[in-house]
Structure formats: structure tokens, C-alpha cells
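Visitor: Sharing a model that was predicted from the sequence below.
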Amino acid sequence: MSIGREYAGSPVRAPERGGTVSERFSNQLIALLPRLRRFARGLTGSMAEADDLVQAACERALAREHQFQEGTRFDSWMFRIAQTIWIDQIRARDVRREDGDIAEERLGSDEPVRRVEARLALDEVRHAVDRLPPDQRMTLMLVTVEGLSYKEAAEVACVPVGTIMSRLARARAALQLKLEAGAGIRRSRNDAEAQ
Amino acid sequence: MQKRSDESRDEALVAYLDGELDSAERREIEAWIAADSGARDRIAALAASGVLVRNAFDDVLGEPVPQRLIDAARGIATPFSASAGASAAQNAEPDARILPFRLRSGGARAPRTGSLWRWPIAVPAAAALAGMLVGGGVGYYGGGGGAGDSAGRQQAIETAANNAWLDNAAADYKLLVSTGSNALLDVPATGDPHEALQKISQVVPQEVRLPDLKPWGLNFRGARLIALEGRPAAQLIYTTDNKAIGPLALIIGPSKQTELQPTFGQRQDLNLLYWRHQGRAYVLVGQTDIGYLWGIANDVAWQLDAI
């Protein structure tokens, strides 16, 4: 008996295209959900937006199941769908999250001064990633976090491999600067508090 | 080596770190790093930032997947959420009851039977009042419970912590069952089930032993490595043809929390029986009838000296 056979249910209907979703396809999708959420969190900067993005990506994937080619990477296909929706969304909202935009809002807000150090470090990293330009952020998530090769990331983003290389290098360099700056601010704050 | 621009230098070093260079290019970079202390410092900084980025997003993998996403993946139309935590709040289950484990007498093994009447499952209502109220008004993603005094805050924190690990346990189970296959198992039980346990035990901080639940008709299918209370834990998966029991997960992980008597909880259509004993946390999760769950928990506790 396979796990949950009785509970997995019959093939379900995808309302978008009026067809039947194969159980195998849905299972692949469900198994990928944690990684999709991580990828979407990196793109959107918030878990609520990430979950909405993942949901939209699932719906689009089910509607386009017939377009997925067996033998190719399912995760890359889903990342591509998610990033396409995300780009459409930020264009529609005319959101420009260029370097510094949101960072300044966050740095200027009343962030708790006393936070657990490790937590603060991870928050800083996530904020630093949020402040990257969208194309660099996406490349960083695809390669550095999700572990795609440059070639695979290039296929997801529909750009040449050289573009991936340069985006990635710029992202990593910018990240390095932001993290160093954050550490500097923290040191100054600690010094001021100590005096 | 020819002087590189900053961007070209970073491209080469990052590609080296990502394993994207051929052997000739790798040798060239290695020679450069060996000769140039600036390149060494730079590659060390880039490598560190890569690790930080991966770590910064890894906690998402350990979070429970909202039911609406699982539904969406199965083609079931669900509304989008306007704010984080809405679905989790709906899932909150304000019901938890502490149950006394049966005492063993003279080392005798607890009888194994599916006859529900043999088990002391009449849960005293008073236990619910005396025990920890799991899910009582504090959502998994939600913040504090608004308690006014320190005792109240402490209780809110404990409640939230309990919610988190039980939500995770339920979500891990749902994720596994929803796939309906062995695809998610880290270590399938092929042939010798103890081989699977050995592999899992190499990763989790404490050795994991495998309870034999065959008398309940439960067959060990394999194990997954999951996070429980923020630390690696083993999720042991059992299946059966008995639909009153269904697929069952037993999670065993290290715990730094205080001892906890066996407590019954629910998450949507799932029943959970959980307890902590001698630095370990145990959670039984399934759609299993509570009577069976209680009997199985007794058996697990007896076999693993977990009470």
C-alpha cells in the first residue's frame, strides 16, 4: 500500500481549463511547495505575498500542465511560472524596489533594538536581499538558494548565461556591502549604548 | 595574472564558488587566489555571504505549508489570503487534553488489541482545565497573546511554542499524505527497516529506535528528516489497510522543553497525541481514531521507554 492512497483522493478538476488534473502532477506540485514558498519569499519579501504568489503559480501550472515536458526539471518549470507572475505583478503595481527604496523605510522604522543576535543577522540578510534589484534577487534565489546551475537559471529567467553570471556577481557584491554596512551600524549602536 | 576589474573579479570568484568553471578555469582561479591575498579575502567574504543567504531562507522549508496551497496544488479553488496567518488562524484548534498513560505493572507489556473498550480513553474534562490549552487563541503566525502579567505572557509564549511544533507536526503529516507516494521519504524502508533507522540516526542528535507496530496492522514504510522545535527529528511513517487507523506518523526528536504528560490535540481532521519525556518529544499524528491512537501511544511508550 502506498502512503495515503485512500486519502489522496481521485483526480481533481482544474477549474481554469475544465480538465482533469493528474494526481501525479498534483503530487509533484505538493512536494515542491516548501521550496516554492522559499523561492517566493525571497522574491516578494513577505510570507503573505509569497503564499499568494505560490497559490497563483499552482493555479497557472495546473492550467498549463499539458505544457510541461516530461524529462525536464519540474522545479525549474515552476520557478519560471512563479517568477513570470511575480514580474507581471511588480510591473502592474509599478513597484520599484530599487536599491535603497524599501531599505530606508525599514531602517527608519522602530525596529526592536534588543533582538536575539542570530535572529537579527538572518533578518538583516533577508532585508539585504529584499533591497536588491528584482533581477538580481531572482538570480540569487535561483542559484544560491535553490541550487540551480547557471544554465538552468538562464532558462528560467530567459536570459543568456553571461547575464546570470553578471547579475549574480553584482548581487553577491551588493549583498556583501549591505551586510557590512549593517554590521557597521550595529557596532555604532552598541558603542553608543555602551557609553 | 592579468588585473581584473572588480566586477570581472567577482564574476570569476562567484562562478568558482558555484562550481561553474571548467578545470582549466578553476586552476587559473586557484593560482590567482594563492598569489593574491586580496582575492583570498574577497572569495572568503563572498563564500560567507552565500552561506548566510541560504541560511536566511531555510527556515521557510520547516514551516507548515498552508492548507490553501495544498488545495491549490490539487486544483481545489480557494480564496487568496490578504494577510499572513489567516489560514493558520483558521486551523487553530482550541482543544487539548492531558491523558494519563497506563502504568505498567511488573514490566508486563501493554496488551495489544484494537478493541477500544480496553483502553482508558474517557478523557476527564478536568484534565482539559488543568492542562495546557493548545491553540487557545494564539495562531501559529500570530504574535503575543496579549496577557497582562508575566505569568500570562509566559503561558502565551508556551502556548505559542506548543502551537508551532504541533502545527509543524500536522503540516508535515498532511504534506506526506497528500502526495500519496513514497516520493517524500528520505529513507524508504526497503528490505531491512533498521537500515533506514540507522541512516536517520546518523543525522538526528539522538539515536532513533523503531517501535514494532505490526500487531496494530501498521507496517513501517520509511522515515523523513524534519524539524521539531527547531532541531532535526525523525518522522517515522506507518501504513495499514485498516482504514480506522490509516497512515500514521510518529515523530521523535530531541527537546529542551519541560516534561509533558501525554496530551491529546487536534488540527483540522487530524488527531495528535504528544508528550515529552527525558529530553525527547514524541508526537503521534494521524486521522486515526483516538482510541486506537491512545493504544498505539501506550505501545510506543512501552517499547521505547518513553514514559
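Guide: Sure thing, it's come through.
Visitor: Tell me the secondary structure at A:Leu148.
Guide: coil (DSSP: H, G, I helix; E, B strand; the rest coil).
Visitor: how much space between it and B:Ala234?
Guide: A:Leu148 sits 29 Å away from B:Ala234, going by Cβ to Cβ, to the nearest Å. Where you see a C-beta, it was placed from the backbone N, CA and C, and this is true even at glycine.
Visitor: Between those two, which is the more surrounded one?
Guide: Per other Cβ atoms under 10 Å in any protein chain shown, whichever of A:Leu148 and B:Ala234 has more neighbours is B:Ala234, with 27 against 23.
Visitor: what about whichever strand or helix holds that one and chain A, touching?
Guide: B:Ala234 belongs to strand B:231-239 when assigned by DSSP states H and E. Yes. Contact of strand B:231-239 with chain A (Cβ under 8 Å from any Cβ of the partner chain) involves B:Ile237, B:Thr239.
Visitor: Can you tell me the strand partners of that strand and which way each runs?
Guide: Using DSSP bridges, the strands paired with strand B:231-239 are strand B:219-228 (antiparallel), strand B:248-254 (antiparallel).
Visitor: Next, the buried residues of it.
Guide: B:Ala233, B:Ala234, B:Gln235, B:Leu236, B:Ile237, B:Tyr238, B:Thr239 (16 or more other Cβ atoms under 10 Å in any protein chain shown).
Visitor: State whether the second one and B:Ala227 are indeed in contact, as I suppose.
Guide: No. Here B:Ala234 does not reach B:Ala227: they are 11.1 Å apart, not a contact under Cβ atoms under 8 Å.
Visitor: what bits of chain A have low per-residue confidence?
Guide: A:1-21, A:94-120, A:182-195 (pLDDT under 70).
Visitor: which residues of it fall in helices?
Guide: A:5-8, A:23-44, A:47-63, A:74-93, A:101-108, A:117-130, A:134-140, A:150-157, A:161-194 (DSSP state H).
Visitor: now the strand holding B:Ala234: mean pLDDT?
Guide: Across strand B:231-239, the average pLDDT comes to 84.
Visitor: likewise stretch B:247-258?
Guide: Across stretch B:247-258, pLDDT averages out at 86.
Visitor: how near is A:Glu70 to chain B?
Guide: Separation of A:Glu70 from chain B (Cβ to the nearest Cβ, to the nearest Å) stands at 16 Å.
Visitor: ok, that residue to A:Trp77 distance?
Guide: Counting by Cβ to Cβ, the gap from A:Glu70 to A:Trp77 is 11 Å.
Visitor: Could you check which of the two has the larger neighbour count?
Guide: Neighbour totals were compared for A:Glu70 and A:Trp77, and A:Trp77 leads with 19 against 5 (other Cβ under 10 Å).
Visitor: got the contact list for the helix or strand B:Glu25 falls within?
Guide: B:Glu25 belongs to helix B:23-35 when assigned by DSSP H and E. Residues from elsewhere that reach helix B:23-35, judged by Cβ atoms under 8 Å, 6 or more residues apart in numbering or on different chains: B:Met1, B:Ala12, B:Leu13, B:Ala15, B:Tyr16, B:Leu21, B:Ala39, B:Arg40, B:Ile43.
Visitor: One more pass at 6 Å, please.
Guide: Outside helix B:23-35, the residues that touch it by Cβ atoms under 6 Å, 6 or more residues apart in numbering or on different chains are B:Met1, B:Ala12, B:Tyr16, B:Ala39, B:Arg40.
Visitor: check contacts around A:Arg126.
Guide: Shown in contact with A:Arg126 (Cβ under 6 Å, 6+ apart): B:Ala56.
Visitor: hmm, 8 Å instead?
Guide: A:Arg126 neighbours (Cβ under 8 Å, 6+ apart): A:Gly45, B:Ala56, B:Phe57.
Visitor: How many residues are close by the nearest residue to B:Arg40 once chain neighbours are set aside?
Guide: Among residues not flanking B:Arg40 along the chain, B:Ile33 sits closest, at 5.4 Å (Cβ to Cβ, 6 or more residues apart in numbering or on different chains). The local packing of B:Ile33 (other Cβ under 10 Å) involves 19 other residues.
Visitor: if I look at B:Ile33, how far off is chain A?
Guide: For B:Ile33, the distance to chain A - Cβ to the nearest Cβ - is 16 Å.
Visitor: do the same with B:Gln257
Guide: From B:Gln257 to chain A the distance is 18 Å (Cβ to the nearest Cβ).
Visitor: Please tell me how far that residue sits from B:Trp275.
Guide: Using Cβ to Cβ, B:Gln257 is found at 11 Å from B:Trp275.
Visitor: Show me which of those two is the more surrounded one.
Guide: Neighbours of B:Gln257 and B:Trp275, each counted by other Cβ under 10 Å, are more numerous for B:Trp275; the result is 22 against 13.
Visitor: Please tell me I have it right and B:Gly265 contacts B:Ala169.
Guide: No. Contact criterion Cβ under 8 Å: B:Gly265 and B:Ala169 do not qualify, at 9.3 Å.
Visitor: State the mean pLDDT of the helix holding B:Glu25.
Guide: 88.
Visitor: Ok, stretch B:289-307 next?
Guide: Over the span of stretch B:289-307, the pLDDT mean works out to 79.
Visitor: and it, does that touch chain A?
Guide: No. Against chain A, stretch B:289-307 shows no contacts by Cβ under 8 Å from any Cβ, the least distance being 14.6 Å.
Visitor: Rebuild the strands paired with strand B:231-239 as JSON lines, extending it with mean neighbour count.
Guide: Conversion of the strands paired with strand B:231-239 to JSON lines gives the following (neighbours: other Cβ atoms under 10 Å in any protein chain shown):
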{"stretch": "strand B:219-228", "mean neighbour count": "21"}
{"stretch": "strand B:248-254", "mean neighbour count": "24"}
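Visitor: can I see the domain layout of chain A?
Guide: A:12-95, A:96-195 (automatic domain parsing).
Visitor: Ok, chain B next?
Guide: B:6-62, B:71-304.
Visitor: Those: lowest mean pLDDT?
Guide: domain B:71-304 (a mean of 64).
Visitor: where's B:Ser49 relative to A:Val129, distance?
Guide: 10 Å.
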